[in-house]
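> Dropping a prediction and its sequence here:
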Amino acid sequence: MRNIACVGRYETVFPFRAIGLHTVQCNNSREARKSIEQLAKEGFGLIFVEEEFYGDLKDLLDKYREEVTPAIIAIPGAAGSKREALERIRGIIKRAIGADIF
């Protein structure tokens with residue numbers, strides 16, 4: 001099984017650390033970008049990224065979308081969801097099945 005990691009602010013990643021996932025604490029999108037690139041090089045198969053950083057990483061996410069791994073998934077931060085990740089997933093599903101199911 002490939003490793004799973006979570007990238008985000010302390011408040012977001014702490015619960016993931018408690019259940020045994022590898023976590024990387026970041027305070028901004030630049031740090032998140034570097035962390036994701038490093039985790040991908042290390043062979044992580046699934047990377048959860050705090051939604052607050054997700055929007056600033058579109059080019060990086062597009063790059064990895066073409067690869068089998070890692071799968072990069074946005075998760076809400078401690079302050080709640082900004083719905084940006086939901087809209088991205090909505091677009092992917094619509095493109096895949098040809099219908100908007102949301």
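Noted; the coordinates are in hand.

> Every contact and neighbour count from this point should use C-alpha atoms.
Will do.

> Residue 11: neighbouring residues, count only.
Other residues near residue 11 come to 12 when the count uses other C-alpha atoms under 10 Å.

> swap in residue 20?
Under the neighbour criterion other C-alpha under 10 Å, residue 20 is assigned a count of 10.

> Can you give me the distance of it to residue 14?
10 Å (C-alpha to C-alpha, to the nearest Å).

> Now name the helix or strand holding the residue most central in space within the chain.
Nearest to the geometric centre of the chain sits residue 49, at 3.0 Å (C-alpha atoms, centre = their mean). Under the assignment given by DSSP states H and E, the secondary-structure element containing residue 49 is strand 46-50.

> what's that strand packed up against?
Under the contact criterion of 3 or more C-alpha pairs under 8 Å, 6 or more residues apart in numbering; DSSP states H and E, the helices and strands touching strand 46-50 comprise strand 4-8, helix 29-41, strand 71-75.

> Check these for me and report the most buried one.
For these, the largest average neighbour count (mean count of other C-alpha atoms under 10 Å) is found in strand 4-8, namely a mean of 25.

> okay, the angle between the helix or strand following that strand and strand 71-75?
The first helix or strand that comes after strand 4-8 along the chain, using DSSP H and E, is helix 10-18. Comparing the axes of helix 10-18 and strand 71-75 via axes from the mean of the first three to the mean of the last three C-alpha atoms, to 10 degrees yields an angle of 120 degrees.

> What is helix 10-18 packed up against?
With contacts defined as 3+ C-alpha pairs under 8 Å, 6+ apart, the packing partners of helix 10-18 are strand 4-8, strand 22-25.
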